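Q: sequence and computational prediction follow.
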2 protein chains.
Amino acid sequence: MPTIKDVAKKAGVSISTASYALNNLPNVHPETKERILAAAKELNYYPNGIARNLKTKRTGNIGVFVYGFSGPIFSDVLEGIRQRLQKNNYNIIVSSGKSSSNLLLERQVDGAIVFDNGLSDDLLISYASHGLPLYVLDRELEGENIYSSVIDNEGLVYQLMTEMIKKGYRDFAYLSGPTDAFNNNHRFDGFKLALNHHHIHEFHYMACDFTIQGGYQAAINMLKSQKKPRFVFCANDESAIGFMQALKENNIRIPEDIALAGFDNIYLGQYLSPKLTTIGINHTKWGQSVTDALLSVIKNEHTKKVDHPQGEIIYRESC
Amino acid sequence: MPTIKDVAKKAGVSISTASYALNNLPNVHPETKERILAAAKELNYYPNGIARNLKTKRTGNIGVFVYGFSGPIFSDVLEGIRQRLQKNNYNIIVSSGKSSSNLLLERQVDGAIVFDNGLSDDLLISYASHGLPLYVLDRELEGENIYSSVIDNEGLVYQLMTEMIKKGYRDFAYLSGPTDAFNNNHRFDGFKLALNHHHIHEFHYMACDFTIQGGYQAAINMLKSQKKPRFVFCANDESAIGFMQALKENNIRIPEDIALAGFDNIYLGQYLSPKLTTIGINHTKWGQSVTDALLSVIKNEHTKKVDHPQGEIIYRESC
DNA sequence: TTGTAAGCGTTATCAG
DNA sequence: CTGATAACGCTTACAA
C-alpha cells in the first residue's frame, strides 16, 4: 500500500511538497503539482486517514449510536443524518452496543448523536466533558458540550386526547410502554393531563412494552378481565398493532366497539384495516436539523438551539 | 485529554513501562503496574485509538456498508453481525453512501461486509486487492480478498412454486422487483424454472420495484387490464403488501379469487389479513456466519466458505 | 516554490 | 523488570 513517501519519491519531490500538492494548497508550482498528482494516480495512492487524523486531531467521522438497528423510526432519522453529514463531508458511523463507547473513548469520532438509552447519563456527560460534542435524542440532558432534542410527546398526546374527548369518548385506557422509557412517560403525562383538564379522573391502565407481541398480550388480558374501555391510547404504533390484532381475532370491531390510536406513524399503520390513527413525527427532518446543530457546535459556530421535531396527528380509521 | 505520557509521569515511570502495564503485558512488576493503573484511573486516561491504530496497523473496526438504513431485512442482518463482532472485540461501523468508500479508502476499517449495490464491483475489487477483506452479500463476486454469500433465491422460489403447482394453481403471474436487482433476477429464474419443469409455458409478468406503493400500483394496473391470474408470486413482501392492499380495496378475495406469496418474511406479514405466505431467511444467523467468516479471513485462519443462508417457506393464509 | 524537521500518541525493539 | 528510542504516515511551522 503506497504512502505519501512513495508518491514524493516517484515525483522527485520532498514529502511536504507532495503533501501540499495532494491537499491542493496554492503554494506549489503547477508543473510540480501535476507531476505529483500523476505519481499519486499511477501508484493508486490514497492518504491514510488514520495518520491524518492523528496529526490533525479530527477524524471527519460523526458517530450515531443506536440501541438496536431495528425499528422503523431509526431508519428515517438516520437517513436525515446521513444526508446532512454527506453534504458537509463528514462520514457517518452508526454503531450499537459496546462499539459505541469504544468509538467515543478511542476518539474515532468528532462528535456523536445518541439514540441509545443503553448509554448512561453519567457516561455521556463524562465523555462530553472530555471535549466531544454530543447530541442526545432519547432523553433530556444538560451539560457541557451536551445537547438534546426530544419529541414533544406530552403536547402531541394532549392534543390528540383532547380531540377524542371532544369527539365524545369518555371511557379511556392507556396502553403503556416501558415505564423507564422517556417517550412513554411523557406520552402518559400528556394523556393524563388532557383527561384531567376535562375532569375525567378515571382511566384504565395497561402495562406493555412497545412491542407487537406485548400489545397483543395486553389485549388478551384485557378481554379476560371483562373490562372494555371505549378508547385506548397506545404509547406507540407497534403495541397498537398487536392490540388491534387481538381485538380483531376476538371479533371486536374497531372503532365501533373499541377505538384506538398510536404514536410514531410507522409505515405499516396505513396498511392495516382499519388504518391506524397515530401521531407522526417528521423523523428525517429531525435527523437533519440535529445534524446541522451538531456540526455547528463542532465548527464553533453559534449554537442555535434545536426545537422539538415537527409532529402532527394523522387521523385515519381506527378512531 | 490525558495521554500515556501524563500517566507515565504521574506514576514515575517511562512511557514504555506505562504502555506495558496498560496493555497488561506480563513483564512488569506488580507494584509498578498497580501504580500505573492507579495513575491512569485518576487521570481518567483512555488510550487514543487513532494513535494505536497508526502504530499497529489495525483498527479493530469492521465496516458494514448498506444502501440505506430502512428495510426490515438490514436490521436483522446487522444484529447478527453486531453480536459476533462484539463477542470478538471488534467495533461495528455501519455506513452508507459516500462515507462507505471513504472509510474503506482511508483504512479506518480492517474489513467490511457490503450490502450496498451502490458500490460498484470494480471499486470493491480494487479495494479488496489493496488488502482489505470484503464480504459481499448482495451479489456474487470473486476476487482476491473478496468473498460473497447470497440467498438461494432460485432454489427457494422454485420450491414454493412447485408446491403451488401441486396445489392446483395454473394461471400464474410474477410481480417483479427492479430488473437490475440480483435478488429479483434469481427469484425470477426460480419462478420460470418451476413453471417450465411442469410444462407451464405462459405466465403474466408485472413490472414493479420492491415497494409497497409499486405493488399497489401494479395491482391497479392489472385490474384495469382485466387480466386476472390465479396466483401471483411477488418478488418481495413489500410489493406483496401493496398488491394485497389494492386487491382488498377492490373487493377481490385473497386467496379465493387471487392467491399470492412474497419473499423475505418481514414481520408485518403475519399481521395482515390474510396473513402472508412468504419465504423466510434467517437473517440474524446469516449476519453471524458471514461475520465469523470475515473474521477468520482477517485472522488468517482457514477460509471456510459460507453456505447460502438458511431459508424456508412459511405457509400462512394468502395462498 | 520547495525542503527540513518536529511532532501527533502510541507500540515495539533493543539494550541495560 | 525498566527505559531510550525509532517508527507508524501524515501535516505544518520554519528555513532555504
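A: Yes, it's here.
Q: contacting residues for the closest residue to DNA strand C within the stretch 151-300 of chain A?
A: Nearest residue of the stretch 151-300 of chain A to DNA strand C: residue A:298, at 18.2 Å (Cβ to the nearest atom of the strand). Any C-beta I mention is one placed from the backbone N, CA and C, and that applies to glycine too. Residues near residue A:298 by Cβ atoms under 8 Å, 6 or more residues apart in numbering or on different chains: A:110, A:111, A:133.
Q: so what's it closest to, chain neighbours aside?
A: residue A:111 (5.2 Å; Cβ to Cβ, 6 or more residues apart in numbering or on different chains).
Q: and the one you found, how many neighbours?
A: When neighbours are counted by other Cβ atoms under 10 Å in any protein chain shown, residue A:111 registers 22.
Q: once you drop chain neighbours, what's closest to residue A:12?
A: Counting by Cβ to Cβ, 6+ apart, the residue nearest residue A:12 is residue A:35, at 7.4 Å.
Q: give the contact list for the nearest residue to residue A:145 once chain neighbours are set aside.
A: Distances taken as Cβ to Cβ, 6+ apart put residue A:128 closest to residue A:145, at 4.0 Å, once the chain neighbours are dropped. Residue A:128 makes contact with A:134, A:143, A:144, A:145, A:146 under the criterion Cβ under 8 Å, 6+ apart.
Q: narrow those residues to those that are buried.
A: A:134, A:145, A:146 (16 or more other Cβ atoms under 10 Å in any protein chain shown).
Q: host element of residue A:160?
A: According to DSSP states H and E, residue A:160 maps onto helix A:153-166.
Q: try residue A:254
A: Assigned by DSSP H and E, residue A:254 falls outside every helix and strand.
Q: burial of it, as a residue count?
A: 20.
Q: and the gap between it and residue B:120?
A: For residue A:254, the distance to residue B:120 equals 49 Å [Cβ to Cβ, to the nearest Å].
Q: can you show me the CA trace of whichever helix or strand comes after the helix holding residue A:160 as PDB?
A: For helix A:153-166, the following helix or strand on the C-terminal side (DSSP H and E) is strand A:172-175. Taking C-alpha atoms only, strand A:172-175 is exported to PDB below (Å, rounded to 0.1, in the frame of the first residue of the first chain):
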ATOM      1  CA  PHE A 172     -60.300   5.700  28.300                       C
ATOM      2  CA  ALA A 173     -57.400   3.400  28.600                       C
ATOM      3  CA  TYR A 174     -53.600   3.900  28.300                       C
ATOM      4  CA  LEU A 175     -51.600   1.100  26.800                       C
END
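Q: what residues of the very next helix or strand once past strand A:172-175 count as buried?
A: Sequence-wise, the next helix or strand downstream of strand A:172-175 (DSSP H and E) is helix A:182-197. For helix A:182-197, burial by neighbour count (16+ other Cβ under 10 Å) applies to A:182-188, A:190-195.
Q: what's next to helix A:182-197, contact-wise?
A: A:117, A:138-140, A:150-151, A:153-162, A:165, A:172, A:174, A:176-179, A:201, A:203, A:210, A:233, A:235-236, A:263.
Q: pretty sure residue A:4 contacts residue A:45?
A: Yes - Residue A:4 is in contact with residue A:45 according to Cβ atoms under 8 Å; the separation is 7.3 Å.
Q: can you pull out the strands in chain A?
A: Using DSSP state E, the strands assigned to chain A run over residues A:61-66, A:91-96, A:111-115, A:134-136, A:146-148, A:172-175, A:204-206, A:231-234, A:259-261, A:278-281, A:311-314.
Q: in TSV, list these along with mean pLDDT.
A: Formatted as TSV, those follow (pLDDT from 0 to 100):
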stretch	mean pLDDT
strand A:61-66	97
strand A:91-96	97
strand A:111-115	96
strand A:134-136	96
strand A:146-148	94
strand A:172-175	98
strand A:204-206	98
strand A:231-234	98
strand A:259-261	98
strand A:278-281	97
strand A:311-314	96
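Q: in TSV, list the ones you listed along with distance to residue A:8.
A: Shown next, in TSV, are the strands of chain A (distance: least, Cβ to Cβ, whole Å):
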stretch	distance to residue A:8
strand A:61-66	27
strand A:91-96	27
strand A:111-115	33
strand A:134-136	39
strand A:146-148	43
strand A:172-175	66
strand A:204-206	70
strand A:231-234	64
strand A:259-261	66
strand A:278-281	52
strand A:311-314	56
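Q: take the ones you listed and lay them out in a markdown table including distance to DNA strand C.
A: Output for those, formatted as a markdown table (distance: least, Cβ to the nearest atom of the strand, whole Å):
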| stretch | distance to DNA strand C |
| --- | --- |
| strand A:61-66 | 17 |
| strand A:91-96 | 20 |
| strand A:111-115 | 18 |
| strand A:134-136 | 21 |
| strand A:146-148 | 23 |
| strand A:172-175 | 49 |
| strand A:204-206 | 51 |
| strand A:231-234 | 49 |
| strand A:259-261 | 52 |
| strand A:278-281 | 40 |
| strand A:311-314 | 43 |
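Q: okay, now the domains of chain A?
A: As assigned by automatic domain parsing, chain A contains the domains A:4-56, A:61-149+A:283-309, A:153-281.
Q: can you tell me which of these the model trusts least?
A: Among the domains of chain A, domain A:61-149+A:283-309 has the lowest mean pLDDT, at a mean of 91.
Q: centre of the chain to it, how far?
A: 9 Å (Cα atoms, centre = their mean, to the nearest Å).
Q: can you tell me if it touches DNA strand D.
A: No - against DNA strand D, domain A:61-149+A:283-309 shows no contacts by Cβ under 7 Å from any atom of the strand, the least distance being 14.0 Å.
Q: ends of that domain, what's the gap?
A: Terminal residues of domain A:61-149+A:283-309 lie 24 Å apart, using Cα to Cα, to the nearest Å.
Q: picking that back up, also near DNA strand C: which of the buried residues of helix A:182-197, exactly?
A: Near DNA strand C, by the rule Cβ under 7 Å from any atom of the strand, you find none of the buried residues of helix A:182-197.
Q: look through the stretch 101-250 of chain A and state the residue closest to DNA strand C.
A: residue A:107 (8.6 Å).
Q: ok, so what distance separates that residue from residue B:48?
A: Residue A:107 is 6 Å from residue B:48, by Cβ to Cβ.
Q: and what of residue A:202?
A: 59 Å.
Q: if you count surrounding residues, which of those two has more?
A: residue B:48 (20 against 8).
Q: how about JSON lines for the contacts of residue A:128, with distance to residue B:18 added?
A: Listed next are the contacts of residue A:128 as JSON lines, based on distance: Cβ to Cβ, whole Å:
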{"residue": "A:134", "distance to residue B:18": "29"}
{"residue": "A:143", "distance to residue B:18": "30"}
{"residue": "A:144", "distance to residue B:18": "28"}
{"residue": "A:145", "distance to residue B:18": "28"}
{"residue": "A:146", "distance to residue B:18": "30"}
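Q: pull the contacting residues for residue A:100.
A: Counted by Cβ under 8 Å, 6+ apart, residue A:100 has contacts A:63, A:65, A:112, A:116, A:119.
Q: 10 Å - rerun?
A: A:63-67, A:93-94, A:109, A:112, A:114, A:116, A:118-119, A:123, B:91-92 (Cβ atoms under 10 Å, 6 or more residues apart in numbering or on different chains).
Q: now list the buried members of those residues.
A: A:63-67, A:93-94, A:109, A:112, A:114, A:116, A:118-119, B:91-92.
Q: DNA strand D: which of the residues you listed is nearest?
A: Closest to DNA strand D, out of all of those and judged by Cβ to the nearest atom of the strand, is residue A:109, at 18.3 Å.
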